[in-house]
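In: Please find the sequence and the predicted model below.
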Amino acid sequence: MNYIDLRNATFMNYQSFTPPDVLKPFIRYFWTLESAGADDQPKTFGAIVDGCPGVIMVQSEKEAFCDEQNKRLPEIFLYGQTLKPVSFTSAGNVNAVGICFQPHALKSVFGFDAGDLTNGCLDLTQLARKHDGFSEKLFTAPSAKDQIATLSGFMADNIRSNTRQVDETTKYALAQIVQTNGNISLKDLQQKLQLSERSLERKFNQAIGISPKLFSRICRFQESLNQMRKSNFDKLSDLAYESNYADQSHFIRVFKEFTGFSPLEFIKQSREVVENFPQIVK
C-alpha cells in the first residue's frame, strides 16, 4: 500500500496508478507527484533501498533533480537496484512521473543484465532512440496521465521485442522470497530448485541485479518499514521481533543501512510523500 504523509499534502499532490493488465507482471505501479502550492523552495528527497528498479521523469521551470554531487540528472532516467540510500535535490517545485518496476524488470523489459545498472542510472531517451517520436510525444503530452499512457506503450513494445526474458526458475525463487518477506531458507530453496549457491546467485545478479541473500534482507527490511508506516507496534523491540531480527540493535543497524536514518530519526526527519522516496526535512 502506498503511504502519503498528510503533513505534506498541502503542497505535494501524489497519486498512484495501476498498470494495464499486460504490464502487471513487470510494473508494480505508476506514480505522479505535483507541487500544489506556491512553495518553490529547494527540496531534498531520499531514495530508500527497496529492491525495485524504476523510472523517474521530472519537468520543471528550474533545474531538475541533482544528485549528491550536485550533478544534474537526465530529465527522465532509468535506475537500477540501489544498495544504499541516496538523495536528490530539486531547485523548486516538483512535477514528476515515475514507474516502480517489479524486481526483474530490467532484464524482462529491456533485455540487459540488471547488475549492469546496480547503483546507477541512465537516460531513458538513449534507450528509446529506435522508437520514432517517443521522446517528443512523452515530453509534449498534455497531462501526467497521457505521459503514463505513452510510457505504457513504450514498455509494452520493449517487452514484445525482448528475447532475453527471465527464466522460470529465477521467477519462482524471486516469488518465494517476496511472499515470505525474505524469511525463507536459501539453502532449502537451492535444494528444491536443484541449484548450487553460486548458480542461484548468478541468476539473481543477472535478473535482479543483486544476490538472493541481499534481496532477502531488503524484503525483510521493507516488511518492517511497512509495519512502521501502519504503526503496528508499541516498541521498536516488538517490531524487531515481529520482523525476525535477532534483537533491536540488529534491526536499527539494518534500518540505518537502508534508509540513512535510525527508525526514530526517520519518523522525525522525513515525510514519505511517495513510498520509499521521502522528502527530508531540513
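Out: It's in. Bear in mind the structure is a predicted one, so any value in this text is a computation, not a measurement. Numbers count the residues shown, from 1 in each chain.
In: Measure how buried Lys203 is and give me the count.
Out: Using other CB atoms under 10 Å as the criterion, Lys203 is surrounded by 20 other residues. In short, each C-beta sits where N, CA and C put it, glycine included.
In: give me the low-pLDDT residue ranges for the protein?
Out: Flagging of the chain using pLDDT under 70 yields the residue ranges 1-12, 36-40, 60-63, 269-282.
In: try 50
Out: The chain contains residues with pLDDT under 50 at 1-10, 280-282.
In: For the stretch 151-282 of the chain, just list every one of the strands.
Out: Counting by DSSP state E, counting those that start in this stretch, the stretch 151-282 of the chain has strands at residues 270-274, 277-280.
In: what is the residue lying closest to Thr18 once chain neighbours are set aside paired to in the beta sheet?
Out: In this structure, Thr18 finds its nearest non-sequential neighbour in Tyr29, 6.2 Å apart by CB to CB, 6 or more residues apart in numbering. Under DSSP bridges, the beta-bridge partners of Tyr29 are Cys100.
In: Show the contacting residues for Tyr29.
Out: If you count contacts by CB atoms under 8 Å, 6 or more residues apart in numbering, Tyr29 has them with Asn2, Ser16, Phe17, Thr18, Pro19, Ile99, Cys100.
In: Tally up the residues packed near Ala149, please.
Out: If you count neighbours by other CB under 10 Å, Ala149 ends up with 16.
In: how close does the residue nearest to Thr18 get to Phe101?
Out: 10 Å (CB to CB, to the nearest Å).
In: my guess is Lys43 meets Ser90, correct?
Out: Yes. Under the criterion of CB atoms under 8 Å, Lys43 makes contact with Ser90 at 4.9 Å.
In: and Ile97, helix, strand or coil?
Out: Small correction: residue 97 is Val, not Ile. Three-state assignment for Val97 (DSSP: H, G, I helix; E, B strand; the rest coil): strand.
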